[in-house]
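# Pasting the sequence and the predicted coordinates here, then a few questions.
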Amino acid sequence: MSVTRVRMAPSPTGYFHVGSARTALFNWLFARQRSGTFVLRIEDTDAERNRAEHTEGIERAMLWLGLDWDEGPYFQSERGPLYEAAIKQLLDRDLVYACDCTSEQVAQRNKAAGRPPGYDGYCRDRHLEPVIGRLLRFRTPGTGSTSWTDMVRGDVVYENASIEDFSVRKSNGQPLFILANVVDDGDMAITHVVRGEDHVPNTPKHILLWEALGLGAPPVFAHLPLLVNESRQKLSKRRDKVALEDYRDEGYLPEAMVNYLALLGWSPGGDREVLSRQELIDEFRLEDVKSSPAFFDQQKLSSVNATYMRSLSPAVLAERAGQWLEARWTPLAPLVQERARTLAEIYGMVDFLYLPEVRTDQADWAKVRRQQPAFVGLLEAAEAGFALCEWDAEGIRDATVEAGNKVGVGTLGKAQAPVRLAVTGRTVGPPLFESLVLLGRRRTIARLAAARARAVREDQAQP
């Protein structure tokens, strides 16, 4: 019997999604109960979107949950020769072809000819040189089917005619996700691929490539159910709190988060909801995970967290609360200590990081409202900009400048005053943009929206 090897393969393009945390946990539990190997692999082939700080955030988030890895992290950006060798093998066997058409052009030709999306004779038969500037497409079989037995979803079958001739190499020569994924899984001897159900359409491509590269028996697949909100919509960063870092920064206990994540799609049976880490390792069964969407219930998470907090002794609770407070404001310490005269003043400068709601200084509110006629419009523009910008000090600063320009506020100082008031409740404090990085995107935007709504109500109440 082969040794179980699973992998967690996130992309460092943003925060660590709670869905990714659930996937990492299920992989980790599966490996631990089988005395297997848990591999961390960073899929950083998207050079334009990857950030080193996102990689560090992934590692910090996983370690906060206690999900230690046995190998890695491996970086796809350092494994280029393996992908080049695989592409050469596919070219030598005429299993890929060069194409200078867009996906839209291919789809239009197939539609016009009444052909299935998996075939496009125009480029298949041109025999273009596979030079840089042309992407490479895999020759998907036009007949037959590709199937697998999924540990969660059972037997899954895809007709090959329904699978497009998918790209394996970009026109700039960089490998695409699907090729790098298959090559890495083969090279790292991954036995089980446990990932979200959004990857189900990629799996027949994964298997076809695996077979084309002669990698032997493919891994066993298990596709976990989507996480949905109370409206049964897929969790979205636009409307839902999905960053694991947000929950960590709000003071949730990691053991409570692990316990709750384990219950998203799986149940230990009976009415039990609180299980220790060892109990999860002993009792979790991947084959018992349900395929239906799992409701990420924040109220339920809070209830589980409260249960864990009540189980701590007063001394331990005080110690952990102190550690959390220190961790939250430590990055601002060099910036705050130049402004504060007492320890109490330090807390007054950073309390907006800890408080669930802003404590607004009414005199500051009246002053800024009086001095800034574009208050409502500026906050609205800032909300839109902050939802899309890079979440670092420079990105937030640029978004604030752009918001000011949209409403005719000419200076950064005038543009950031309403933002500072809305988010911290005061007109003075530590450097704003570094503070917002720590507060987090979701909480920042929520506070901007709340302040804007208050201002609109006040304006409507004016005679």
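Ah, there it is.

# which residues are contacting stretch 431-450?
For stretch 431-450, the external contacting residues (Cβ atoms under 8 Å, 6 or more residues apart in numbering) are 15, 241, 243, 245-246, 249, 328-329, 331-332, 335, 350, 352-353, 358, 379, 382-383, 386-387, 391-394, 396-397, 400, 416, 419-420, 422-424, 429. (C-beta placed from N, C-alpha, C; glycine too.)

# Among those residues, which lie within helices?
Counting by DSSP state H, the contacts of stretch 431-450 place 245-246, 249, 328-329, 335, 350, 379, 382-383, 386-387, 393-394, 396-397, 400, 416, 419-420, 422-424 in helices.

# mind checking how far S435 is from L353?
For S435, the distance to L353 equals 8 Å [Cβ to Cβ, to the nearest Å].

# and if you look at L439?
6 Å.

# try A321
Taking Cβ to Cβ, one finds A321 at 14 Å from L353.

# the more surrounded of those two?
Each of A321 and L353 has its neighbours counted (other Cβ atoms under 10 Å); L353 has more, 20 against 13.

# Thought W329 was touching that one, still the case?
Yes: counting by Cβ atoms under 8 Å, W329 is a contact partner of L353 at 6.1 Å.

# got the buried residues for stretch 377-390?
Buried residues in stretch 377-390, counted by 16 or more other Cβ atoms under 10 Å: 377-386, 389.

# Now tell me what touches it from outside.
With contacts defined as Cβ under 8 Å, 6+ apart, stretch 377-390 is touched by 51, 238, 372, 395-396, 398-400, 402-404, 406-407, 409, 415, 418-419, 422, 436, 441, 444-445, 448-449, 451-452, 455.

# Outline the domain layout of the protein.
Each domain of the chain is listed here as a residue range: 5-78+227-308, 80-224, 350-461, per automatic domain parsing.

# Start and end of the last one, how far apart?
Across its full length, domain 350-461 reaches 33 Å between end residues, using Cα to Cα, to the nearest Å.

# now the contacts of stretch 377-390: which count as buried?
By 16+ other Cβ under 10 Å, the contacts of stretch 377-390 give 372, 395-396, 399-400, 403-404, 406-407, 409, 415, 418-419, 422, 436, 441, 444-445, 448, 451-452, 455 as buried.

# Name the residues of stretch 308-327 that come out as buried.
Those would be 308, 324, for stretch 308-327 by 16+ other Cβ under 10 Å.

# What average pLDDT does that stretch get?
Averaging pLDDT along stretch 308-327 yields 84.

# Would you map the strands across the stretch 151-300 of the chain?
Assigned by DSSP state E, counting those that start in this stretch, the stretch 151-300 of the chain shows strands spanning 154-159, 167-169, 192-196, 220-224, 227-228, 294-295.

# elements contacting the last one?
To tie it back to what came earlier, the one meant is strand 294-295. When contacts are defined as 3 or more Cβ pairs under 8 Å, 6 or more residues apart in numbering; DSSP states H and E, strand 294-295 sits against strand 227-228.
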